[in-house]
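Undergrad: Structure for the following, please:
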Amino acid sequence: MSIQIDAHTVKELRNKTGAGMMDCKKALQASNGNMDIAIENLRKKGLASADKKASRIATEGIIESYIHAGSRIGVLVEINCETDFVARRSEFQKLAKDIAMQIAACQNVMYVSSNDIPQEIISKETRIEEGKEDLVDKPKSIKDKIVLDRVKKRLMEISLMNQQFIRNHNMSIEDLIKQHIALLGENIKIRRFERFLLGEGLEKKSNDFSKEVESIVNK
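TA: All right, here's what the predicted structure looks like:
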């Protein structure tokens, strides 16, 4: 006989995982009301469901924007799904807003995933790590392993999908996307993004006060 789960607990689990109400209720009943076990089981189920949908074509979606307070940082991001119906869902649109805000907050992020990073960037990072002084006297096998680990860490730092979600540090952006794939029942992909920094690339005028005073005195 399954235990009775109150609506408040079901809603709490839904808010934490994004899963459907009935899935939350069943997960809580299966875990005898243990919230942590229910969350773990739902995430496993969501990841399995998301992985099955990952190869499906996603050509609908939206382009979302975010302008940070002070209007000095702006972001445009394209997020794709399979149908216009899901693109109009509030959950999908909130996801797009959260992703745009995430990109604005993560200034080091340059690529959607580590799979998008060009080989020349990987080679450059590898050369940088191989040339570091703390590895000079290391045996080659140990040095190669350290370099591999450091490069892997660096690639994760510049990949959006590997970032901790700013609204919930217990999940990555990849987890967030998979959660919404399970919630909305369609494949979801972050296709591309562009970050705009006010004045980026422009030569900024520097006011050298001592030179300015000297020029006035010498007139």
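Undergrad: who's in contact with residue 159?
TA: By C-beta atoms under 8 Å, 6 or more residues apart in numbering, the residues touching residue 159 are 109, 111, 112, 113, 114, 116, 117. Bear in mind the C-beta positions are built from the backbone N, C-alpha and C, glycine included.
Undergrad: Excluding sequence neighbours, find me the nearest residue to it.
TA: Leaving aside its chain neighbours, residue 159 sits nearest to residue 114 (4.5 Å; criterion: C-beta to C-beta, 6 or more residues apart in numbering).
Undergrad: What of residue 157?
TA: Residue 157 sits nearest to residue 108 (C-beta to C-beta, 6+ apart), 5.6 Å away.
Undergrad: gap between that neighbour and residue 156?
TA: Here the criterion is C-beta to C-beta, to the nearest Å. By it, residue 108 lies 10 Å from residue 156.
Undergrad: which element is residue 29 on?
TA: helix 21-30 (DSSP states H and E).
Undergrad: Repeat that for residue 183.
TA: Short version, using DSSP H and E: residue 183 is in helix 173-184.
Undergrad: now do residue 199
TA: Counting by DSSP H and E, residue 199 is found in no helix or strand.
Undergrad: what's the burial count for it?
TA: The number of residues packed near residue 199 is 8, by other C-beta atoms under 10 Å.
Undergrad: now do residue 120
TA: So residue 120, with other C-beta under 10 Å, has 8 neighbours.
Undergrad: just the one 4 residues further on next, same as before
TA: Burial of residue 124 is recorded as 12 neighbouring residues (other C-beta under 10 Å).
Undergrad: for residue 36, same thing?
TA: 8.
Undergrad: before we move on, the earlier item: of the contacts of residue 159, grab the buried ones for ChimeraX.
TA: Entered in ChimeraX, the line below selects the buried ones among the contacts of residue 159, by 16 or more other C-beta atoms under 10 Å:
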select :109,111,112,113,114,117
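Undergrad: quick check, nearest of the contacts of residue 159 to residue 190?
TA: Checking the contacts of residue 159 against residue 190 with C-beta to C-beta, the nearest one is residue 112 at 5.1 Å.
Undergrad: Quick check, that closest one in contact with residue 193.
TA: Yes. If you go by C-beta atoms under 8 Å, residue 112 and residue 193 touch, sitting 7.1 Å apart.
Undergrad: list residues touching both of these two?
TA: The contact lists of residue 112 and residue 193 share residue 160, where a contact means C-beta under 8 Å, 6+ apart.
Undergrad: circling back to that earlier point, enumerate the positions of the helix holding residue 183 that are buried.
TA: 173, 174, 175, 176, 177, 178, 179, 180, 181, 182, 183, 184.
Undergrad: ok, back up a step: quick check: angle from the helix holding residue 29 to helix 173-184?
TA: Orientation check (axes from the mean of the first three to the mean of the last three C-alpha atoms, to 10 degrees): helix 21-30 against helix 173-184 gives 110 degrees.
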